[in-house]
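Visitor: Requesting a structural model of the entry that follows:
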Amino acid sequence: TEIYTLSLHDALPILLDCGIKAVEEITYAKEKGIDFIICDHHVPDDVLPPAAAILNAKRLDNTYPYEHLSGCGVGFKFMQAFAISNGIEFHHLIPLLDLVAVSIASDIVPIMGENRILAFHGLKQLNSNPSVGLKAIIDVCGLTEKDITVSDIVFKIGPRINASGRIQNGKEAVDLLTEKDFSMALEKANQINQYNETRKDLDKTMTEEANQIVADLEGLADRRSIVLYNEDWHKGVIGIVASRLTEIYYRPAVVLTRTDDMATGSARSVSGFDVYKAIEYCRDLLENFGGHTYAAGLSMKVENVPAFTKRFEEFVSQNILPEQTSAVINIDAEIDFRDISPKFFNDLKKFNPYGPDNPKYIPVESVSESAWLRYRSVPYTPPSYKNPSYSDGYFLFLLHLYYYSYYCPFLPVIHLHNRITDIGLFVNTHFSFIFYSQIVVALWSVLYQRPRRCRRIGYTSGIGNHRTNHKCNLYKTVLQCHRNSNF
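Guide: Just a heads-up that it's a prediction; the model follows:
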């Protein structure tokens, strides 16, 4: 219908973040004398649409050096090429970089290579001189006086922009982002914020219903995937619910609802598993599908849902690795407190912006050495403690407070993510009288000789299905505070 609203002679429609699989639609438009330019980053089929031009770094014949651009990133490269061809200086494109940064963060693409460069400069633009529409969203999010990061986009700005299309109409978000009057933009941003509140309510209700369905599934422990269908679920929120299920159960998840006579839905994946290939394996059961490694959309006849569920599970079971279905702790490096310095802190900040494939460092202390741990997709799970000793734990707690108050300027580097209350609570009561005497001597040294280093503070940590549980060598912990060096 929309095709007939276009002028056959003057229009050159440009599709952004879609169109790479619209072979029939583009063919029909071409027959009517309408050409298209497609700017997309989703995985194409072997047969491409007969468009005037197709910009997609995932094409088999691609020669562009970086293939992981976001949808808006592809559009920006199109604008950059247009500017070069028409003698437009690059600085005219800089105001667009805030939108590119929002796209990169919201699309969950790797923040490496060119994406990292675009995100870095896009965040600078977003923080210094955002567009009117984005400034309105920033105000509504309560981020006006804050240095906006990728996390702020992922959890605050992006969901509000998406809420418009999920709940009402995506055109309202477009109108907001192209608005030039701030008072009008603020009014539209507040409306979109209301959509986001509705979205959160639907998200919570549907996730609870989905969790109950999964809990009632037979043989869940033997399944490697989750496929749920409920014709009453809201189409705009099923992708979020699929993400929730993936985070909770650590399995690729597909959530479907009914749209007219079709079952339509979204798929999400776990780290390292290509859910697009799993869906492609079932393509004869599908009416349409598209996406990339970790997220995809699909539609099928309602009667095909049981067969799809079986086929999808078959592919996942045959191809997913055991470590991809459980939480994994990645230890990137070990570090002593002696290595923490202002220069080290500044070097860490240079890894910004953080995101997929470039995760933020998470400092976690271990018994053997202080280590920086990164974990995937699972929140911290407090360990269970056996026979905790209040006095021992309190001693370690004081020791920690002493050390961190001594080096308070560097707390941002060695923050504990609320783990400070866990410190030392696992230390049991099996210490001898002699050992306690040694503790008293060491404590006296701590309080009166002002140590410059504390090498190890041990505690039990548990993340997901992986757990480390060691007895703290408290004697060694305290005495190693005597390592003397200039800070």
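Visitor: quick one, what contacts A22?
Guide: Listed by C-beta atoms under 8 Å, 6 or more residues apart in numbering, the contact set of A22 reads L15, I38, P49. C-beta coordinates here come from the backbone N, C-alpha and C atoms, glycine included.
Visitor: which parts of the strand or helix carrying the first one are buried?
Guide: Taking DSSP states H and E as the criterion, the element that holds L15 is strand 14-16. Within strand 14-16, the residues that qualify as buried are I14, L15, L16, counting by 16 or more other C-beta atoms under 10 Å.
Visitor: Just want to check the distance between the last one and D40.
Guide: When distance is defined by C-beta to C-beta, to the nearest Å, L16 is 8 Å away from D40.
Visitor: Could you do the first one as well?
Guide: Spatial separation of I14 from D40 under the definition C-beta to C-beta is 11 Å.
Visitor: So for those two, which residues contact both of them?
Guide: Shared contacts of I14 and D40 (C-beta under 8 Å, 6+ apart): none.
Visitor: Identify the residues contacting the most centrally placed residue in the chain.
Guide: By C-alpha atoms, centre = their mean, the mean C-alpha position of the chain lies nearest to I108, the distance being 5.7 Å. The neighbours of I108, taking C-beta under 8 Å, 6+ apart as the test, are V154, Y294, A295, G355, P356.
Visitor: ok, now with 10 Å
Guide: Residues near I108 by C-beta atoms under 10 Å, 6 or more residues apart in numbering: S70, V154, G158, S243, R268, H292, Y294, A295, G355, P356.
Visitor: Sitting in helices, which of those residues do you find?
Guide: Per DSSP state H, helices hold the following members of these: G158, S243.
Visitor: from the contacts of I108, which is closest to M184?
Guide: G158 (21.8 Å; C-beta to C-beta).
Visitor: Test my guess that the closest one contacts L134.
Guide: No. Using C-beta atoms under 10 Å, G158 is not in contact with L134; the gap is 11.2 Å.
Visitor: which residues are common contacts for those two?
Guide: Common contacts of G158 and L134 (C-beta under 10 Å, 6+ apart): V102.
Visitor: Which of the helices and strands in this structure ranks last by mean pLDDT?
Guide: strand 461-463 (a mean of 32; mean pLDDT, DSSP states H and E).
Visitor: Neighbouring strands of the strand holding L15 in the sheet, and parallel or not?
Guide: In the sheet, strand 14-16 lines up against strand 37-39 (parallel) (DSSP bridges).
Visitor: in its sheet, what does the helix or strand that the partner strand is followed by sit against?
Guide: Counting by DSSP H and E, the next helix or strand C-terminal to strand 37-39 is strand 53-55. Here strand 53-55 is paired, per DSSP bridges, with strand 37-39 (parallel).
Visitor: just the helices in the stretch 151-300 of the chain please.
Guide: 158-167, 170-177, 182-215, 238-249, 275-280 (DSSP state H, counting those that start in this stretch).
Visitor: Could I get the CA-only coordinates of the second one as CSV?
Guide: Backbone C-alpha positions of helix 170-177 (Å, rounded to 0.1, in the frame of the first residue of the first chain) are rendered in CSV as follows:
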residue,chain,number,x,y,z
GLY,A,170,7.3,3.7,15.9
LYS,A,171,6.5,6.9,14.0
GLU,A,172,6.2,8.7,17.3
ALA,A,173,9.8,7.9,18.1
VAL,A,174,10.8,9.2,14.6
ASP,A,175,8.9,12.4,15.1
LEU,A,176,10.6,12.9,18.4
LEU,A,177,14.1,12.3,17.1
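Visitor: what's near enough to touch R160?
Guide: Applying C-beta under 10 Å, 6+ apart, the residues near R160 are 137, 140-141, 173, 176, 189, 192-197, 199.
Visitor: 8 Å instead?
Guide: Counting by C-beta under 8 Å, 6+ apart, R160 touches I137, V140, C141, A189, I192, N193, Y195, N196.
Visitor: go on, G75?
Guide: L16, D17, C39.
Visitor: Check F315 too.
Guide: Shown in contact with F315 (C-beta under 8 Å, 6+ apart): K277, A278, Y281, C282.
Visitor: Just give the closest residue to L15, not the sequence neighbours.
Guide: Among residues not flanking L15 along the chain, I38 sits closest, at 4.9 Å (C-beta to C-beta, 6 or more residues apart in numbering).
Visitor: For the one you found, give the beta-bridge partners.
Guide: Under the criterion used (DSSP bridges), I38 bridges to L15, I54.
Visitor: got a list of what it touches?
Guide: By C-beta under 8 Å, 6+ apart, the residues touching I38 are I14, L15, G19, I20, A22, I26, P49, A51, A53, I54, L55, N56.
Visitor: Give me the local confidence score for the fourth one.
Guide: With respect to pLDDT, I20 scores 93.
Visitor: repeat for the first one
Guide: I14 is assigned 94 on the pLDDT scale.
Visitor: contacting residues around the nearest residue in space to it that is not next to it in sequence?
Guide: Nearest residue to I14, sequence neighbours excluded (C-beta to C-beta, 6+ apart): I37, at 4.6 Å. The contact partners of I37, by C-beta under 8 Å, 6+ apart, come to L12, P13, I14, L15, A51, A52, A53, I54, L55, F78.
Visitor: would you turn these into a markdown table with distance to A253?
Guide: Shown next, in a markdown table, are the contacts of I37 (distance: C-beta to C-beta, whole Å):
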| residue | distance to A253 |
| --- | --- |
| L12 | 39 |
| P13 | 34 |
| I14 | 33 |
| L15 | 28 |
| A51 | 33 |
| A52 | 38 |
| A53 | 36 |
| I54 | 31 |
| L55 | 31 |
| F78 | 33 |
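Visitor: Quick one: buried ones out of those residues?
Guide: Looks like those have P13, I14, L15, A51, I54, L55, F78 buried, using 16+ other C-beta under 10 Å.
Visitor: need the contact list for H92.
Guide: By C-beta under 8 Å, 6+ apart, H92 lies in contact with A83.
Visitor: let's go with 10 Å and repeat that
Guide: Counting by C-beta under 10 Å, 6+ apart, H92 has contacts M79, A83.
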